[in-house]
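In: Below: sequence and its predicted model.
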Amino acid sequence: MNDSRVMKIIRKVMPAVVSIAIAKRLQDLEKELPKELYAGIPGTSSHPAHATRSGADAPATMTIPDELVDAHGMVQVGGGSGFIVDPKGLVMTNKHVVNEPDAEYTVILNDGRTFTAEILTRDPINDVAILKIPAQGLPSLSLGDASHLQLGQSLIAIGNALGVFRNTVSVGIVSGLSRAISAQADPGAAPQEMRGLIQTDAAINPGNSGGPLVDRTGRVVGVNAAIVSGAQEIGFAIPVNAARRDLNDLRKYGRIRRPLLGVRYLMVDDDLKAKMKLSVNYGALVLREDPHNEAVVPGSPAARAGIRELDIILTLDGARLDKDHPIQDYLEDLNVGDEVHLVVLRGERKIPVKLTLTERK
């Protein structure tokens, strides 16, 4: 894109991009001192100086100056980005930006106005959340279609870089499609598998999390989500199609609805076949993750259909399952109430299974 085109898109998009400030009560922050000191949460800017307030019991080198504590005893612990998707005050961002327990979230509009935000919903699968602020007639962004993206296509990432530098813009291209990564919100959190991501060389800094990734028409094609630590020019965004589905569910049902099959599984490959002496090198092996979780969720569609632990689900609606095409990828395109047909390998016998997906709770 040439300079004039980029500037035109920025003028169009920027009024709908917001900053999200995260604040906690001082007493809650003090209880979480070890976590807050060393957290590198994407979308926040945690500093040792923000760890605890000055006082007789506080470490001399780890104090919060009194001026950082507001009249209500709140301390800002980080910030992220978001964008308005409805003139009536709906704001989209990342789930990890608004995932801090006992925190309060403030949305700062491009014109400087501030509003306390209500979290309407967090996607249980994708790193997406939708907030509501008490405002009307706001500028909003149109959602595009990430399924039409092509390698090399120009993109613009906009956000609140590092929680400090508002209105940060970077330009790049689509570097990869359908990427899968294992990401952590902070060093102590369990890794989350993220699939189907857009890879871009447009700079996505920690504070850009939740901001829009837009195409040459100014339509949102992704939600900026992750970076690779220690790497340059490798950023990832969640395709906007998943976010649009969340928004549609919220408007229609008042919540996000995701279909449930009801199995825990490992995708089979040559290594797992050899390790467990399996007869196939593809499919989803139904297997519990730990002694406290059943391999087949009680009362789920899979349980009612008679699927058992150590079964291998070979196909779903005729599509072969393998490491590059896991069950979750297919569930993303299905809805609550859809009927699906599986082929299950039990021992040496292939069994056809038919079931109806229910809603994930």
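Out: Okay, I see it.
In: Just give me the residue right at the centre of the chain.
Out: residue 127 (1.0 Å; C-alpha atoms, centre = their mean).
In: quick one, what contacts that residue?
Out: 94, 95, 96, 183, 192, 194, 223, 225, 226, 238 (C-beta atoms under 8 Å, 6 or more residues apart in numbering). For the C-beta atoms, the positions are set from N, CA and C on the backbone; glycine is no exception.
In: Grab the two from those residues that are most spread out in space.
Out: Greatest spatial distance among those (C-beta to C-beta): 192 and 223, at 14.9 Å.
In: who has more neighbours, the two?
Out: residue 223 (29 against 16; other C-beta atoms under 10 Å).
In: Am I right that that one is in a strand?
Out: Yes: counting by DSSP: H, G, I helix; E, B strand; the rest coil, residue 223 is part of a strand.
In: wait, doesn't residue 272 sit right on residue 278?
Out: Yes: using C-beta atoms under 8 Å, residue 272 makes contact with residue 278 at a distance of 6.8 Å.
In: Need the residues touching each of those two.
Out: Shared contacts of residue 272 and residue 278, counting by C-beta under 8 Å, 6+ apart, come down to residue 285.
In: Return the residues in contact with the closest residue to residue 150 other than its chain neighbours.
Out: Distances taken as C-beta to C-beta, 6 or more residues apart in numbering place residue 174 nearest to residue 150, at 6.6 Å, with adjacent residues excluded. For residue 174, the contacting residues are 149, 150, 151, 152, 153, 155, 198, 199, 200, by C-beta under 8 Å, 6+ apart.
In: With residue 140 instead?
Out: By C-beta under 8 Å, 6+ apart, the neighbours of residue 140 are 16, 84, 85, 86, 87.
In: Apart from its chain neighbours, what residue comes closest to the third one?
Out: Using C-beta to C-beta, 6+ apart and skipping residues adjacent in sequence, the residue nearest residue 85 is residue 92, 4.9 Å away.
In: and that neighbour, what element?
Out: Remark: residue 92 resides in strand 90-93, with elements defined by DSSP states H and E.
In: buried residues in stretch 307-314?
Out: Judged by neighbour count (16 or more other C-beta atoms under 10 Å), stretch 307-314 contains these buried residues: 307, 311, 312, 313, 314.
In: Just the element for the fourth one, please.
Out: The secondary structure element spanning residue 313 is strand 312-316 (assigned by DSSP H and E).
In: Tell me the buried residues within the contacts of residue 174.
Out: By 16+ other C-beta under 10 Å, these give 149, 153, 155, 198, 199, 200 as buried.
In: Quick check: the two most widely separated of the residues you listed?
Out: 153 and 199 (12.0 Å).
In: Serialize the contacts of residue 140 to JSON lines and add fields for pLDDT.
Out: As requested, the contacts of residue 140 are exported to JSON lines (pLDDT from 0 to 100):
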{"residue": "16", "pLDDT": "96"}
{"residue": "84", "pLDDT": "97"}
{"residue": "85", "pLDDT": "97"}
{"residue": "86", "pLDDT": "96"}
{"residue": "87", "pLDDT": "97"}
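In: Next step: those restricted to strands.
Out: 84, 85, 86 (DSSP state E).
In: distance of the first one from residue 104?
Out: Spatial separation of residue 84 from residue 104 under the definition C-beta to C-beta, to the nearest Å is 20 Å.
In: Of those two, which one has the most company?
Out: residue 84 (25 against 15).
In: unless I'm mixing things up, residue 351 is touching residue 343, no?
Out: Yes: the pair residue 351 / residue 343 is scored as a contact, 7.3 Å apart, by C-beta under 8 Å.
In: Out of the two, name the residue with the larger neighbour count.
Out: Shown here are residue 351 and residue 343; by other C-beta under 10 Å, residue 343 has more neighbours (18 against 15).
In: Quick check: the more buried one vs residue 297, distance?
Out: For residue 343, the distance to residue 297 - C-beta to C-beta - is 20 Å.
In: From residue 259, how far out is residue 16?
Out: 31 Å.
In: out of these two, which sits in the more crowded spot?
Out: The neighbour comparison of residue 16 against residue 259 (other C-beta under 10 Å) goes to residue 16, with 23 against 20.
In: list the contacts for the more buried one?
Out: By C-beta under 8 Å, 6+ apart, residue 16 lies in contact with 83, 84, 110, 138, 139, 140, 141, 212.
In: got it, and residue 331?
Out: With the criterion set at C-beta under 8 Å, 6+ apart, residue 331 makes contact with 258, 259, 261, 357.
In: so how far is residue 115 from it?
Out: 35 Å.
In: residue ranges for the strands of the stretch 201-350 of the chain, please.
Out: 212-214, 220-227, 235-239, 259-260, 265-267, 284-286, 312-316, 319-320, 339-346, 349-356 (DSSP state E, counting those that start in this stretch).
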